[in-house]
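S.K.: Could you look at this predicted model? Sequence included:
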Amino acid sequence: MVNLQELQDAVISGNASKAKELTEQALKENVDPVVIVKEWLIPGMGIVGDKFKRNEIYVPEMLIAARAMYAALDVLRPILAQTDMEPVGKVVIGTVKGDLHDIGKNLVKMMLEGAGFEVIDLGIDVAPQKFVDAVKENKPNHVAMSALLTTTMPAMKETIEALKAAGLRDKVKVMIGGAPVTDKYANEIGADGYAPDASSAVDLAKRLLQ
Ligand code: B1M
């Protein structure tokens, strides 16, 4: 039987091939992919962050761990994003200006796709004007922004201001998330909602459609 602790350890130590292999094995054994992500992979990245904070590891090790996380997520992606439905809504998503973290944003994307949303992914380090241009071009229901750094959170406010300046603010709902982001911050900057994790982001996106 697959040992999911070994999978988490493979992510923490950055062993991408082992992470891939154990994820494949877990799926073969019918382990729920959401359990793999929520209970093992995400907490694994939390441990990586704690080690970084304690100066036990440095940026290269964080990068290697991220690569192993992606090796596991690549196996899970087709299942998490699988849907036969007509799109229930359209979301433009991106990690804000100055921020290169994309694992959380990609998980939100996968879960939204799995829930039937069409997702236009602008990637990382997305400037406010790029969000504005994407809204003009794609006419989404929602804009979803991710930030992992306290120093990049203000770019969420800048993006909302840019949407207002372009006369687009009332055409979309703005959802935000990411580890340092809070409900209070969402209210402060005039976002329509905050989601603490990828499944709550789906619930929020559905709620905001109504
Ligand atoms: Co960075 N990093 N990092 N990093 N990194 C953190 C975020 C940090 C907390 C580590 C620490 O000190 N403990 C810290 C931030 C401190 C702060 O500002 N408060 C930090 C730092 C300091 C840095 C650098 C500045 C380090 C340096 O260079 N000295 C640098 C900044 C680079 C930049 O962005 N400009 C940096 C770089 C990197 C790497 C590139 C090496 C790598 C990222 C690789 C990648 O993403 N492709 C990296 C990593 C891996 C991390 C940690 C270890 C893991 C992040 C992660 O992927 N978590 C992280 C520590 C931690 O988070 N504990 C850390 C797993 C992911 C699934 O969770 O992204 O929170 P998360 O997403 C969740 C929710 O937040 C939510 O749903 C997701 C799934 O449930 N969510 C949303 C996210 N976005 C959402 C959007 C929504 C809704 C929900 O829209 C509606």
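M.R.: Thanks, I have it.

S.K.: CA only for contacts and neighbour counts going forward, please
M.R.: Will do.

S.K.: Does the ligand have contacts with the longest strand seen in the chain?
M.R.: Longest strand in the chain by number of residues (criterion: DSSP state E): strand 89-95. No. Residues of strand 89-95 contacting the ligand under Cα under 6 Å from any ligand atom: none, with a closest distance of 7.5 Å.

S.K.: how far does that strand sit from the chain's center?
M.R.: Offset of strand 89-95 from its chain centre (Cα atoms, centre = their mean, to the nearest Å): 11 Å.

S.K.: for the very next helix or strand once past it, the distance to its chain's centre please.
M.R.: Toward the C-terminus, strand 89-95 is succeeded by helix 103-114 as the next helix or strand (DSSP states H and E). The chain centre lies 5 Å from the centre of helix 103-114; the measure is Cα atoms, centre = their mean.

S.K.: Do any residues in helix 103-114 lie close to the ligand?
M.R.: Yes. Helix 103-114 reaches the ligand (Cα under 6 Å from any ligand atom) through Ile103, Gly104, Lys105, Leu107, Val108.

S.K.: That helix packs against which elements?
M.R.: helix 59-80, strand 89-95, strand 117-121, strand 142-146, helix 198-209 (3 or more Cα pairs under 8 Å, 6 or more residues apart in numbering; DSSP states H and E).

S.K.: Who does the second one pair with, and is each partner parallel or antiparallel?
M.R.: With DSSP bridges as the test, strand 89-95 is paired with strand 117-121 (parallel), strand 142-146 (parallel).

S.K.: Run through who's touching the following helix or strand past the last one.
M.R.: Spelled out, that is strand 142-146. Next helix or strand after strand 142-146 toward the C-terminus (DSSP H and E): helix 154-165. Here helix 154-165 makes contact (Cα atoms under 8 Å, 6 or more residues apart in numbering) with 96-97, 127-129, 131-132, 145, 147, 169-170, 174, 176, 189-191.

S.K.: Output those of these also counted as contacts of the ligand.
M.R.: Met145, Ile176.

S.K.: Quick one: buried ones out of the contacts of helix 154-165?
M.R.: Val96, Lys97, Ala127, Pro128, Phe131, Val132, Met145, Ala147, Arg169, Val174, Ile176, Ala191 (16 or more other Cα atoms under 10 Å).

S.K.: Excluding chain neighbours, give the residue nearest to the second one in space.
M.R.: Using Cα to Cα, 6 or more residues apart in numbering and skipping the chain neighbours, the partner closest in space to Lys97 is Asp125 (4.0 Å).

S.K.: re the thing from before, ranking the helices and strands packed on helix 103-114 by burial, who's on top?
M.R.: strand 142-146 (a mean of 26; mean count of other Cα atoms under 10 Å).

S.K.: Put the alpha carbons of that one into CSV.
M.R.: Provided in CSV are the C-alpha atoms of strand 142-146 (Å, rounded to 0.1, in the frame of the first residue of the first chain):
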residue,chain,number,x,y,z
HIS,A,142,-14.6,37.0,-12.2
VAL,A,143,-11.0,38.2,-11.7
ALA,A,144,-9.1,36.0,-9.3
MET,A,145,-5.8,37.2,-7.9
SER,A,146,-3.2,35.4,-5.8
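
S.K.: All set now, cheers.
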